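Asker: dropping a prediction and its sequence here:
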Amino acid sequence: MKTILMAAASIAAMTTATPALAQDDPDVIVEEMEEGLDTLLNDPDMPDRMATMAVALLSVVEAMPIGQMEAAIEGRAPTAEEAERRLGDEIQVDRDMLAHQTRAAMVQNREQMQGAVRAMALMLPVLIATADNMAEAIEDAGIDDR
């Protein structure tokens, strides 16, 4: 649960830094991500939003076609019954409990989420520079990307 919450908070913080990412200015990127993160985590409605998102994500996971996947792993076509079997047919998740646990985790792990997103924000300039260096090396090597 903590990992999912940290990933969601990271994605949310990254989306707040989109204008900075377009500028490729590492200092601006870090600053905007940290500001966006603070805004998100200080929003009193955020635990409820994350709970709603967790329940919505559960719906996606429950729709996973496990019958088809099982047949594919076994190297055969699924039967008509298998083609209809979903993960939600096999597992039962209490949506209210999931929402409650998500809200509680948001509150209890706020500092960890802030630390994880800040660490990611600080790594972004290095990642951007690495990507730029790779692109330049590919171009210098005459590799055609078409």
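Answerer: Great, that's in hand.

Asker: pLDDT below threshold where in this protein?
Answerer: 1-26, 144-146 (pLDDT under 70).

Asker: which other helices and strands contact the helix or strand where Val107 lies?
Answerer: Val107 is part of helix 95-108, with elements assigned from DSSP states H and E. Secondary-structure packing of helix 95-108 (3 or more Cβ pairs under 8 Å, 6 or more residues apart in numbering; DSSP states H and E): helix 2-16, helix 46-62. (Each C-beta comes from the backbone N, C-alpha and C, glycine too.)

Asker: other SSEs contacting the top helix by length along the chain?
Answerer: The helix that spans the most residues within the chain, counting by DSSP state H, is helix 110-140. The contact analysis (3+ Cβ pairs under 8 Å, 6+ apart) places helix 110-140 against helix 2-16, helix 26-41.

Asker: show me which residues of the last one are buried.
Answerer: Counting neighbours by 16 or more other Cβ atoms under 10 Å, one finds that the buried residues in helix 26-41 are Pro26, Ile29, Val30, Glu32, Met33, Glu34, Gly36, Leu37, Leu40, Leu41.

Asker: quick one on the thing from earlier: just want the angle from the longest helix of the chain to helix 26-41.
Answerer: 150 degrees (axes from the mean of the first three to the mean of the last three Cα atoms, to 10 degrees).

Asker: contacts for stretch 54-64?
Answerer: Residues outside stretch 54-64 that contact it (Cβ atoms under 8 Å, 6 or more residues apart in numbering) are Ile4, Arg86, Leu87, Gly88, Ile91, Val93, Arg95, Leu98, Ala99, Thr102.

Asker: dump the C-alpha coordinates for that stretch into CSV.
Answerer: Taking C-alpha atoms only, stretch 54-64 is exported to CSV below (Å, rounded to 0.1, in the frame of the first residue of the first chain):
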residue,chain,number,x,y,z
ALA,A,54,-7.6,3.1,-5.2
VAL,A,55,-11.2,1.8,-5.5
ALA,A,56,-11.2,2.8,-9.2
LEU,A,57,-7.9,1.0,-9.7
LEU,A,58,-9.3,-2.1,-8.1
SER,A,59,-12.0,-2.1,-10.7
VAL,A,60,-9.3,-2.2,-13.4
VAL,A,61,-7.4,-5.0,-11.7
GLU,A,62,-10.6,-7.0,-11.1
ALA,A,63,-11.3,-6.8,-14.9
MET,A,64,-8.0,-8.6,-15.7
